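J.: Got a sequence here, can you build the structure:
(one chain, ligands or ions: 2)
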Amino acid sequence: MKILGIETSCDETALSIIEASGDLDNPQITILKEIVNSQIETHKKYGGVFPAEAKKRHQENLPILLEKIDLRKDNKPDIDFIAVTYGPGLEPCLWTGITFAQELSKAWNIPLLPINHMEGHIASVLLSRDPSKRQDKNAVAFPFLALLISGAHTELVYATEWGKYKILGKTLDDAVGEAYDKVGRMLDIPYPGGPELSRLAQKAREEHLQDDEITLPRMMLNKSLDFSFSGLKTAVLYKIQKLEKISDIQKKIIAKEFEDSVVDLLIRKTRKALEKNEVKTFIASGGVIANTYIRENLTKLCDEFEVKVLFPPQELSGDNAVMIAIAGYLKQFREKPSMNVEIIAKGNLTLDQ
Ligand code: KG4
Ligand code: ZN
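T.: Ligands and ions are numbered 1, 2, ... in the order given. I've put the predicted structure just below:
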């Protein structure tokens, strides 16, 4: 079947068409069309995403992107249903995508299915590009443990089947990506600081840079599987205030210390979750998983536990509509797409709702 995916939850406007077949044990996905329009340049000047501006951009972009994937509102395409993100995210942005999907659904007489953006991030690993892992039978063996790390989320999710998710732990304050972006800002790196901060950290490792004056604490580990990054963020702030002027070398060292501390926490919590639960597949996804250092460390951990590990292809780590269409394919086995479904944007939608 063919599915049109629509994603507008934050600062990326994205459309996709996928062709999907096979049962839930062995889904086969082919990307037919894929387009993402990033608004990063628009939001740089605000140092973060400005919802009203993002909404306006989504409204402008959607018809243009539709044309770019060769679809027209007045010409019914060969598509079985439309999968659209309804949460979590910025509500004005979510509504833009939902309204657009409803208009197309009516114009074409094609049913709709509302999709949880975070289920989309999980589903993105079905396109893992590593040939040894790609689309083999039981690509995702259950139960799985997923670590979802993005600009707005940090959570450990456990599932015994598609659609049944239990949140084992989540962040009590900032999300990982948010912490990267905020520390980036402290170091004068434009929004979103994550990728550049991580690049600087990598440079510090390659150049073996070290400074006894610039060390950052490893986060205390409480018993729960919840995360907290505010202490680390404050530690970075104090460190920066103490150093009057920051040299390029010091900047790299701060970036490395920050990333080491983040990775240390992610690994320790994930290890705990792996120890406490039966896990056949470990999934890590969300925008921050573009980070190769985090990927490497999670892979080592899973090797230790002899658990299969799946990441999305690098280019599908950030927000996109392919993952929404794939999540749509998985969801249509449990809920039929419908012409009359009432879709309401839910900014705080969780995976266990
Ligand atoms: O999933 P995503 O595209 O959007 C949300 O749904 O939040 O994630 C974006 C986040 C941003 O905070 C960005 O700085 C972060 O992912 N990010 C990274 C890297 N690439 C993107 N953080 C650390 N290292 C990276 N290489
Ligand atoms: Zn996302």
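
J.: Which residues of the stretch 251-353 of the chain lie near ligand 1?
T.: By the rule C-beta under 6 Å from any ligand atom, the part of the stretch 251-353 of the chain lying against ligand 1 is 286-288, 290-291, 318-319. The C-beta positions use only the backbone N, C-alpha and C, and glycine is treated the same way.

J.: out of these, who's nearest ligand 1?
T.: Distance to ligand 1, by C-beta to the nearest ligand atom, is smallest for Gly287 among those, at 1.9 Å.

J.: and the two most separated of the residues of the stretch 251-353 of the chain next to ligand 1?
T.: Asn291 and Asp319 (15.5 Å; C-beta to C-beta).

J.: coming back round to it: between the residues of the stretch 251-353 of the chain next to ligand 1, which is nearest ligand 2?
T.: Comparing these against ligand 2 with C-beta to the ion places Asp319 closest, at 4.4 Å.

J.: Now do the contacts for the spatially closest residue to Leu66 that is not a sequence neighbour.
T.: Take Leu66 and drop its neighbours on the chain: the residue closest to it by C-beta to C-beta, 6 or more residues apart in numbering is Leu15, 6.5 Å away. Shown in contact with Leu15 (C-beta atoms under 8 Å, 6 or more residues apart in numbering): 4-7, 33-35, 62, 65-66, 68-69, 321.

J.: So which of those residues are in strands?
T.: Taking DSSP state E as the definition of strands, the contacts of Leu15 contribute 4-7, 33-35.

J.: of all those residues, which comes closest to ligand 2?
T.: Among these, Glu7 lies closest to ligand 2 (C-beta to the ion), at 8.6 Å.

J.: Next, count neighbours for that closest one.
T.: Around Glu7 there are 29 other residues, counting by other C-beta atoms under 10 Å.

J.: Need the per-residue pLDDT for it.
T.: As predicted, Glu7 sits at a pLDDT of 98.

J.: again, but for Lys276
T.: Each residue has a pLDDT score; the one for Lys276 is 96.

J.: ok, back up a step: doesn't the residue nearest to Leu66 belong to a strand?
T.: Yes - counting by DSSP: H, G, I helix; E, B strand; the rest coil, Leu15 is found in a strand.

J.: Show me what it is bridged to.
T.: Ile6, Ile35 (DSSP bridges).

J.: From Ile246, how far off is it?
T.: Using C-beta to C-beta, to the nearest Å, Leu15 is found at 42 Å from Ile246.

J.: and the gap between the residue nearest to Leu66 and ligand 1?
T.: Per C-beta to the nearest ligand atom, to the nearest Å, Leu15 is found 16 Å from ligand 1.

J.: So, low pLDDT: which residues of the protein?
T.: For the chain, the stretches with pLDDT under 70 are 129-138.

J.: now the strands for the chain?
T.: 2-7, 12-21, 28-38, 81-87, 112-116, 144-149, 154-161, 164-170, 281-285, 308-310.

J.: No further queries at this time; thank you.
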